[in-house]
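Visitor: what follows is a predicted structure for the sequence shown.
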Amino acid sequence: MFTTIINDCRDENALTRQAARALTLIGYSVAIMGVKSDLEAAGNIIDILDASDGKKGVVIANVAPRQGKGKKWPNGTPFVYFYLRDTLVISTIDGYCLSLVKKFQLIKSVDLLDVPTVVDHMIKKGNLKKNFRDLIINSQFRSYDFVPRVAKWLLDGVSVPSKKYAVSLIENAPQAVWWVDNFGNCKTTVLPKDVNYVPGKTLKTKVGRFLCFPKLKDVPDNQAGIIVGSSGFETERFLELVIQGRNAGKEFELSSGSELF
């Protein structure tokens, strides 16, 4: 059993509090990942689902800005949940968080959670103290006050009120960089089949034309190239833009969200 937390609340205070809350309620080892955007969250969700191989565990993903388009929600984007075999995933639904889950066609629908409805139901059933109602509903930190409790209830087999939400309503991922690793390699949302990747072929991108190589080792020193990286799901892996021995992210001024194709 494992718990992985992927969250844009990523300072030490926020991450440590989330870990302590998850450990207290769920009681298993916790790994925490701070992200800057919903697209970063999307890629990391896929990597964790691949790494965990459908085994029993929980993935909690939250990217819920309150500024800009986030103001259309009463208190941030709603959460949904679904299972991939024995792995429970609870995630914010707005934006790109589940766009790569959609891309890999891992689910047919998700269950949409309305925070006040869930809280009132749990109070009525005796699973939550009434004096916590306003705190949870109005919390600016729902991934601390709300989501871990939902995970605990679901894992315990407690029925949580929800509505079906069609995968078709989830946004499609752009053909973009979702992560720049510590070497400067740029992980993209693009699969080889999306752009007809073939070793030896040249692919045109928004930052130039690059030769495709079978693997990282085959890229000549100081040369840029496109390879099949390590991130992805099962046998399908995302393409990466790299420079052998140098930082492609810095050289091409790329970061998470930069469109490449």
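Guide: Right, received. Where do you want to start?
Visitor: make it CA atoms for all contacts and neighbour counts henceforth
Guide: Fine.
Visitor: would you map the strands across the stretch 1-150 of the chain?
Guide: 2-7, 30-34, 57-62, 79-84, 87-92, 109-113 (DSSP state E, counting those that start in this stretch).
Visitor: residue contacts, Thr87?
Guide: Leu49, Ser52, Gly54, Lys55, Lys56, Gly57, Val58, Val59 (C-alpha atoms under 8 Å, 6 or more residues apart in numbering).
Visitor: most neighbours among those, which one?
Guide: Val58 (28 neighbours; other C-alpha atoms under 10 Å).
Visitor: how much space separates it from Val101?
Guide: Between Val58 and Val101 the distance is 15 Å, computed by C-alpha to C-alpha, to the nearest Å.
Visitor: one more: Val160?
Guide: 23 Å.
Visitor: who has more neighbours, the two?
Guide: The neighbour comparison of Val160 against Val101 (other C-alpha under 10 Å) goes to Val101, with 21 against 16.
Visitor: pLDDT at that one, what is it?
Guide: You'll see Val101 listed with a pLDDT of 98.
Visitor: how about Ala42, what does it touch?
Guide: Applying C-alpha under 8 Å, 6+ apart to Ala42 gives the contacts Tyr96, Cys97, Leu98, Ser99, Leu100, Val101, Trp178.
Visitor: just checking, the fifth one touches Ala173?
Guide: Yes: the pair Leu100 and Ala173 passes the contact test of C-alpha atoms under 8 Å, sitting 6.4 Å apart.
Visitor: what residues do these two have in common as contacts?
Guide: By C-alpha under 8 Å, 6+ apart, Leu100 and Ala173 have these common neighbours: Thr189.
Visitor: the more surrounded of the two?
Guide: The neighbour comparison of Leu100 against Ala173 (other C-alpha under 10 Å) goes to Leu100, with 26 against 21.
Visitor: not counting sequence-adjacent ones, nearest residue to the more buried one?
Guide: Nearest residue to Leu100, sequence neighbours excluded (C-alpha to C-alpha, 6 or more residues apart in numbering): Ala42, at 5.9 Å.
Visitor: measure that neighbour to Ile170 for me?
Guide: Separation of Ala42 from Ile170 (C-alpha to C-alpha): 12 Å.
Visitor: what is in contact with the two at once?
Guide: Tyr96, Leu98, Ser99.
Visitor: the last one against Ala173, yeah?
Guide: This points to Ser99. Yes: at 5.1 Å, Ser99 counts as touching Ala173 under the criterion of C-alpha under 8 Å.
Visitor: return stretch 150-158 as CSV; C-alpha atoms alone will do.
Guide: Output in CSV follows, covering the C-alpha atoms of stretch 150-158 (Å, rounded to 0.1, in the frame of the first residue of the first chain):
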residue,chain,number,x,y,z
VAL,A,150,-12.4,11.2,1.3
ALA,A,151,-9.5,8.8,0.6
LYS,A,152,-9.9,7.2,4.0
TRP,A,153,-13.7,6.8,3.6
LEU,A,154,-13.3,5.2,0.2
LEU,A,155,-10.6,2.9,1.3
ASP,A,156,-12.7,1.8,4.2
GLY,A,157,-15.6,1.0,1.8
VAL,A,158,-17.7,4.0,3.0
